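Enquirer: Dropping the sequence and predicted coords here.
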Protein chains: 2
Amino acid sequence: MPDATPPARYRRACDYLAAAMIYLRDNVLLREPLRPEHLKPRQLGHWGTCPGLTLVYSGLNRLVRETGRRTLLVTGPGHGAPAIHANLWLEGTHAEYDERLGRDESGLAELVRRFSWPGGFPSHLSPDVPGVIHEGGELGYALATAFGAALDDPGLLVACVVGDGEAETGPTAGSWQAVKFRVPGVDGAVLPILHLNGYKIASPTVYGSMSDEELTDYFRGCGWTPLIVDTTTAADPDQALADALDQAYAGLEHERPPMIVLRNAKGAGAPGEDAEGKPLAGTFRAHQVPLTNAADDPRELALLEEWLRSYRPEELFDEHGRPAGDLLAQVPDGDLRLGRVPQANGGRLREPLPLPELDRFAEPVEEPGASAAGATGVLGAWLAELFRATEQRRDFRIMCPDELESNKLGAVLEVTSRAYAREVPGYAENLGRGGRVMEVLSEHLCQGWLQGYLLTGRHGLLASYEAFASIVDGMVNQYAKFLKMSAEVGWRAPVPSLNYLLSSDGWRQEHNGYSHQGPGFLNSMLNKKSSVARIYLPPDANTLLVTLRRCLDTTDLINVVVAGKQSGPVWLGLDEARAHCQAGAGVWAWAGTEGGATPEVVLACAGTTPTTEVLAAAWLLRRSAPELRVRVVNVVDLLTLAPRERHSHGMSDEEFAACFAEDVPVVFGFHGYPSAVHEVLHGRTRPNRFHVHGYLEEGTTTTPFDLLVRNRMSRYDLAAAALSHARGWGSRGGDLADALLRERDELRHRAYTDGEDPAEFTGWRWS
Amino acid sequence: MPDATPPARYRRACDYLAAAMIYLRDNVLLREPLRPEHLKPRQLGHWGTCPGLTLVYSGLNRLVRETGRRTLLVTGPGHGAPAIHANLWLEGTHAEYDERLGRDESGLAELVRRFSWPGGFPSHLSPDVPGVIHEGGELGYALATAFGAALDDPGLLVACVVGDGEAETGPTAGSWQAVKFRVPGVDGAVLPILHLNGYKIASPTVYGSMSDEELTDYFRGCGWTPLIVDTTTAADPDQALADALDQAYAGLEHERPPMIVLRNAKGAGAPGEDAEGKPLAGTFRAHQVPLTNAADDPRELALLEEWLRSYRPEELFDEHGRPAGDLLAQVPDGDLRLGRVPQANGGRLREPLPLPELDRFAEPVEEPGASAAGATGVLGAWLAELFRATEQRRDFRIMCPDELESNKLGAVLEVTSRAYAREVPGYAENLGRGGRVMEVLSEHLCQGWLQGYLLTGRHGLLASYEAFASIVDGMVNQYAKFLKMSAEVGWRAPVPSLNYLLSSDGWRQEHNGYSHQGPGFLNSMLNKKSSVARIYLPPDANTLLVTLRRCLDTTDLINVVVAGKQSGPVWLGLDEARAHCQAGAGVWAWAGTEGGATPEVVLACAGTTPTTEVLAAAWLLRRSAPELRVRVVNVVDLLTLAPRERHSHGMSDEEFAACFAEDVPVVFGFHGYPSAVHEVLHGRTRPNRFHVHGYLEEGTTTTPFDLLVRNRMSRYDLAAAALSHARGWGSRGGDLADALLRERDELRHRAYTDGEDPAEFTGWRWS
């Protein structure tokens, strides 16, 4: 295998740097014999995937130089960061972002030291690394992210390295089918490179045990034209990969686009055996840090030195530590360099959306609750207008796991369609090659698409059944971390927010039953950094319009909006909705009976169904106990409840007291698990005065009213709780509460007998 | 297409019943003309997949009758419950569990009415349905579950219907590769049947747009021998499927086992068009309830009646509503019926594990913290013994997403190996066909395997990096719901618990960085029913042994055990560990300085790292403020903190006061997000006296000490907090606290300079 061709020399330099940054703190160019004090006290990093990553990077460099095609690299094995850093340094990108990382010995030494050093570069790819839109710490999402980045950017090529460990994940396995959603001429091309080095942490990989024939069948079967490159047998690995890349490039726009299966030796270049004589290079033992004991074991130190010197750095870097001219010549120019591709700092390409005005979409309201509308349906009409407004610029999409029309957003299909690149046999509606709705029965693919799309500067919305948002809990954890770190990187521009519209919420999944009832995603959001997480529960159509329009105008956030799809009361006209949403929470004076005095009990509500129930409970109380002074508070922005020191949206103590009174019991009807409210209220004084009703994990297929009763969320339960807790109402309150519960039980019994809720349980007050 | 053959008649009967139970409450055999009052007030269910499910069920009946092979059916499309119920009724299984569901008109009417009726059968499959180990409400997990059920049960055949909507999910896509882990002769066979009816809710499916050639390539590529059956063109669908099933049966033990691709018309049997003339049967419109307005629209009512009568129920049920003899003759005998297969009520097959005694595995402890051990490594030796003890009975496995040895459980590989059915090229260790460790880089496949294994009565453990447990958050939500409902079903026997060992926890993922730091899985567990969820944080090797041994002896729970893998102090000898774990939490008097008086501050801890930090903080306080009366409390069972009325493990008010004193500030070092402790403490008096330190989502690649400081969890932070909050220490406490924080900052600075933590930050006290 040649090692003196220009690409081989380039790779030797990068492999050297990658290994150096795992081990060395000093003597980084080995001008002296290697001694233990040159080693980092903590040797961190993952060697195994690095030589393969550099081989790919180098191959892409050549392709970019020859074709001028702008190319974004998404690196699945984010633990191969040393390789990426080496290439970024060699191509000069690092120096352009940080002058201390110049292409000389001082810069090289700084890079090597800084990798995995406290305060330095993390061990995995991260937002502070140029050219990166995917961390690759939690595996599974690189391929979907790559497809998302390619959407609506026909000039772009997205190369995506998928490790063969990562390929075993469910999300990756499902993402190969995304090729059927990529439309030539509309979207950029995605070139996946399966990095098949045969091993994961401690054992061989599944894909490593597949024959060429099986790999070919598998990928051809899901719509690709696989090209297998085997560097372990190729005379010239760079040439073999170059040929494959050229062949792939020629086929990017074909109906069955190319992907590359790159058979490679894991950790090639490392010693063949470790100090105990166990196989090292080419096996799982090369995964992380080969030779972990070089500081104390002279045999390992010798092996390490031999390994590092095998790259002959003196032939690659001059006496000032500058890379040789033939290495630099292989780097593309300017922002064609992989580290400089503009799409990787997508916020700089972001254009704020032309958000339509709400006036003609809002529901007119003469009296609170007098009219009804399905909130998501109303929103759908506005979203359709947004699709119209972005028809030319094409920078807004909706991703949805086969639930668009079920969530009543079908109006958008008057303007756009579901993207699909293939012909389908049989009957189909609203499928089209130009569509900007991405529907596939995979939350993972939807989420990955959206992440890639947002991080390259475009806007989007993920509409999902509430319960199934938890399917992507891990992905959201990671994305929130990416946003949090991005905000700390000066050169990374803000990207459009990730917006979730969670509908088909549990309270009206009484027909689908228990599996479809799960509001835990909100709890998960509460553990994200307060700078990133936003949670909104607009109770009707107009507040949903206001909320989502606002969310689509934000950057660097994760906005979770929970809304109802069933027809329900419209409480606020557009102007009131704006004011209410601006405050985030507030007293609905028209719903209460305080009459200027201190309330005896506060009924609070957040979410469509709890709001209806609370309003109905207030009505029940007016009927049963007209002298009870009740205040009704509606909360749209959940984080307003948190103390100001914990969240920027939190009400001040004064605002909180003005809203919830002081020392007055609060019966809180909350959409999700009560724990979410417990958490946001933590730190407020006298939190035990809040009696939170929420989802108690009691559910099945039943009627809406029965589902509420099972979870003590019905209007009767809330009204009874108010009477039980109201100050000074003692046993009289208890008696009235019992009467209400008996009324509840009677209605519930009728639901079981009739198979549907009694007519009394409709709307929010008795006609 | 023949409709008078015995299987066709059988299917007509079941299709009729499935449709009837969606629509009818009365006149269930259409002895009178259909009138609106015969219709259910709420028509719930999913028709589209039902005819296909019954076709499969019928085909399996024949196969079972002819081969006598015990067969378990896992139904991916759980929304096709009407079909399953129809078959269960017809085969007599329903009657054996509930005499009101006998095979006569009264039983038929009861079944039809009860489906989706309040208090009746849910709309999806559920634990109250015989023969079911998978609900199929949240899609993606049927195939992995099927493979899990087949493990270690060579006589079993597990047929698994995978809908082509579900096939789009990531988890399903990754699960096809599980065929490489199924070992003939060791494990049962899995026969997947891809139900390719071409449509999901509102659009064509991806797999529906794939040609026969592509489907063949895809499945052959990942190791199957696909057999394509097209009922839409077959002269006799039953015969076509029967031929495929026979062919499949003959090949079950081959290296490339068979799977069936069943092309079918979605909702076949329903009207070809709806009342508006839009295509119905064979399209996505048949997905749920075709003809939603029959109660009010006479045209739809007429279409519905015509549809139902097209099955000619009078030819299938006699005047007493009993199924015709030739239908009954197609049902297998006894517990060969799919609804009676013993494995579907796996708790009845459960044998408690022969759990080895702990004594010879425990670490000896002469003085708390004087010796050190890696907790998971100690556990590994005991788990190895458990593998030895179960070598013949083979009813215990470990599932792990490529992290077994990283989590220091490699000792088990002395006894067993990683299961793999294939030869692998290249170097491999500990791979074998008889292995009972299941390692694949897919949390979804691991979780699905384990669910199937447990629900068929076997025992297991899922060992995972803590942060990546959230990948399966959705699956765990659903499994917890399954367990909750199972407990309410009298005939369903308790199954072994699902045990998680979460290690490589975030506090010592300072090397892998931010993506590997995420304790949110605990929060998710807190929203499960208290009857199901258990959370343990044993702080050392001996408490881990005691805890996990106990967990493996429980049933019907989800036990989450968080443990450290690094070498750390061993605090308690085996006997003390037993007592401490039995209580779940308690005062460590040897660590405190109360001296018989009321403490001025309580230092509480839960989790390995926080415990070490709290003990070190106590030491710092003894050094800085020896007269401060400090109590140290360790919590292993997180739910002991919850009020007794919210969790059965909760301490009584008296026990709580005895532990945490009353009205004394508590500085709590908690392993996970502080929100988890806030939640469990909710309802306790004066919760604001608890100052919870936990993970604040501050992280990167850094040193262990720096990571603690970033999250205010270091010994210095905890000691300073204690001094700041301690009653009566006022400004003196503040000054001492400041001094500690300066000491902290100085050490932290050295960490940044040296690239590693100072020697002072080791262990838990100064030597």
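Expert: Ah, there it is.
Enquirer: Mind checking what helix or strand follows the helix or strand of chain A with the lowest mean pLDDT in sequence?
Expert: None of the helices or strands of chain A scores lower by mean pLDDT, DSSP states H and E than strand A:431-432, at a mean of 92. Sequence-wise, the next helix or strand downstream of strand A:431-432 (DSSP states H and E) is strand A:437-439.
Enquirer: Beyond that following strand, next helix or strand please.
Expert: Later in the chain than strand A:437-439, the nearest helix or strand by DSSP H and E is helix A:443-455.
Enquirer: and the stretch 601-750 of chain A, which residues reach chain B?
Expert: Residues of the stretch 601-750 of chain A lying close to chain B (Cβ under 8 Å from any Cβ of the partner chain) are A:673, A:675, A:678-679, A:682-683, A:685, A:687-688, A:697, A:700-703, A:706. For the C-beta atoms, the positions are set from N, CA and C on the backbone; glycine is no exception.
Enquirer: Looking at chain A, which helix is longest?
Expert: helix A:730-754 (DSSP state H).
Enquirer: For the residue nearest to A:Lys278 when sequence neighbours are not counted, give me its contacts.
Expert: Take A:Lys278 and drop its neighbours on the chain: the residue closest to it by Cβ to Cβ, 6 or more residues apart in numbering or on different chains is A:Arg285, 6.5 Å away. Residues near A:Arg285 by Cβ atoms under 8 Å, 6 or more residues apart in numbering or on different chains: A:Gly267, A:Asp274, A:Lys278, A:Pro279.
Enquirer: tell me which element the residue of the stretch 1-150 of chain A found nearest chain B is part of?
Expert: Proximity of the stretch 1-150 of chain A to chain B (Cβ to the nearest Cβ) peaks at A:Gly137, 2.5 Å away. Here A:Gly137, judged by DSSP H and E, is contained in no helix and no strand.
Enquirer: Count the neighbours of the residue lying closest to it once chain neighbours are set aside for me.
Expert: Counting by Cβ to Cβ, 6+ apart, A:Gly137 lies nearest to B:Ser515, which is 2.5 Å off, once chain neighbours are set aside. By other Cβ atoms under 10 Å in any protein chain shown, the residues close to B:Ser515 number 28.
Enquirer: Same check on A:Lys565?
Expert: Applying other Cβ under 10 Å, we find 23 residues neighbouring A:Lys565.
Enquirer: Name the surrounding residues that touch stretch A:359-375.
Expert: Outside stretch A:359-375, the residues touching it (Cβ under 8 Å, 6+ apart) are A:378, A:381-382, A:385, A:408, A:538, A:540-542, A:544-545, A:563-574, A:576-577, A:588, A:590-591, A:608, A:615, A:763-765.
Enquirer: Helix, strand or coil: sort out the closest residue to chain B within the stretch 451-600 of chain A for me.
Expert: The minimum distance from the stretch 451-600 of chain A to chain B, using Cβ to the nearest Cβ, falls at A:Ser515 (2.5 Å). Secondary structure, DSSP: H, G, I helix; E, B strand; the rest coil: A:Ser515 is helix.
Enquirer: That one: what's it in contact with?
Expert: Going by Cβ under 8 Å, 6+ apart, A:Ser515 touches A:Ala467, B:Gly78, B:His124, B:Glu135, B:Gly137, B:Glu138, B:Gln478, B:Lys481.
Enquirer: Distance of the third one relative to B:Glu367?
Expert: So the one you mean is B:His124. 57 Å (Cβ to Cβ, to the nearest Å).
Enquirer: more crowded one of those two?
Expert: B:His124 (28 against 10).
Enquirer: I'd say the more buried one and B:Glu138 touch.
Expert: No: applying Cβ atoms under 8 Å as the test, B:His124 and B:Glu138 come out as separate, 9.7 Å apart.
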